[in-house]
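> Return atomic coordinates for the entry below.
(one chain, ligands or ions: 1)
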Amino acid sequence: MKLAIFGPPGSGKGTQAKKIAGRFSLRHISTGDIIRENIASNTKLGKKFKEYNDKGLLVPDEWVFEALRPTLPKEKFILDGFPRTIGQARMLDTLATLDMAIMLKVSDEEVLERISGRRVCSSCGKIFHIKFRPPEKQGFCDACGSSLVQRKDDTEEIVKSRLSEYHSQTKPILEFYEDKKILYYVDGEKSIEEVFSAVCFFIENSISK
Ligand SMILES: [Zn+2]
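Numbers count the residues shown, from 1 in each chain. All right, here's what the predicted structure looks like:
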């Protein structure tokens, strides 16, 4: 089985991908993991990744794809955060045929609320949310008492621009998989367990077909 999961930032797709990988014995492939693995084992690509990382630059997706090229056709996997562009979706299609693309639907308003409400402890890094996981004492970490801050990436303005980039990149990818009739939408605004059981339902149905 070869799957890919999509969803806007803050949709919880990483969490779902991990759970799905566990339940169906799939390799969970996320871009970040691929980069870290290659750097750790000092592969030829890993050296390039490291150079980019050290400079604080974003590793080009094409290289991530190169790293995946030898193993993708042979494996059972769930892709998380990849393909990111329609070009990559087409490239992927020449290597491995996806059985299912899962899209976690979360409205922009919900994404904004989830992300812009996040607060992080300036000292220990523990994450809170002003509405969904408030600290006992407003503005301070439960664990160490240090002050909570909002990450730059989590401000409303940045989230809005990330969302608009996400939509313009993802729309053609969804259409691509819709044409192949392998796209499944799941309501991503429900609880983690509810989303997971909806996803499992689709996967189990497709296995039994
Ligand atoms: Zn703390």
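
> Contacts only, for the nearest residue to Ala89 once chain neighbours are set aside.
Closest residue to Ala89 apart from its sequence neighbours, by CB to CB, 6 or more residues apart in numbering: Pro83 at 4.3 Å. (Each C-beta comes from the backbone N, C-alpha and C, glycine too.) With contact taken as CB atoms under 8 Å, 6 or more residues apart in numbering, Pro83 is in contact with Ala4, Asp61, Ala89, Met91, Leu92, Ile173.

> any idea of the pLDDT on the residue located most distally from the centre of the chain?
Within the chain, the residue lying farthest from the chain centre (CA atoms, centre = their mean) is Lys137, at 31.3 Å. Looking at Lys137, its pLDDT stands at 95.

> Kindly report the residues of the protein close to the ion.
Cys121, Ser123, Cys124, Lys126, Cys141, Ala143, Cys144, Ser146 (CB under 5 Å from the ion).

> burial count for the nearest residue to Ile127 once chain neighbours are set aside?
Residue nearest to Ile127 in three dimensions, not counting chain neighbours: Val120, with 5.5 Å by CB to CB, 6+ apart. Neighbour count for Val120, taken as other CB atoms under 10 Å: 16.

> okay, and the helix or strand of the chain with the least pLDDT?
Lowest mean confidence among the helices and strands of the chain (mean pLDDT, DSSP states H and E): helix 61-68, at a mean of 84.

> Other residues contacting that one?
So helix 61-68 is contacted by 29, 31, 34-35, 38, 43, 45, 48-49, 82-85, 88, 91-92 (CB under 8 Å, 6+ apart).

> Compare those residues and tell me which is most surrounded.
Counting by other CB under 10 Å, top hit in those: Pro83 with 25 neighbours.

> how far away is the residue nearest to Ala89 from Thr15?
For Pro83, the distance to Thr15 equals 20 Å [CB to CB, to the nearest Å].

> next one: Met103
Distance from Met103 to Thr15, by CB to CB: 15 Å.

> Buried residues, the biggest helix by length in the chain. List them.
Of all segments of type helix in the chain, defined using DSSP state H, the longest is helix 156-179. Buried positions in helix 156-179, judged by neighbour count with 16 or more other CB atoms under 10 Å: Val159, Arg162, Leu163, Tyr166, Thr170, Ile173, Leu174, Phe176, Tyr177.
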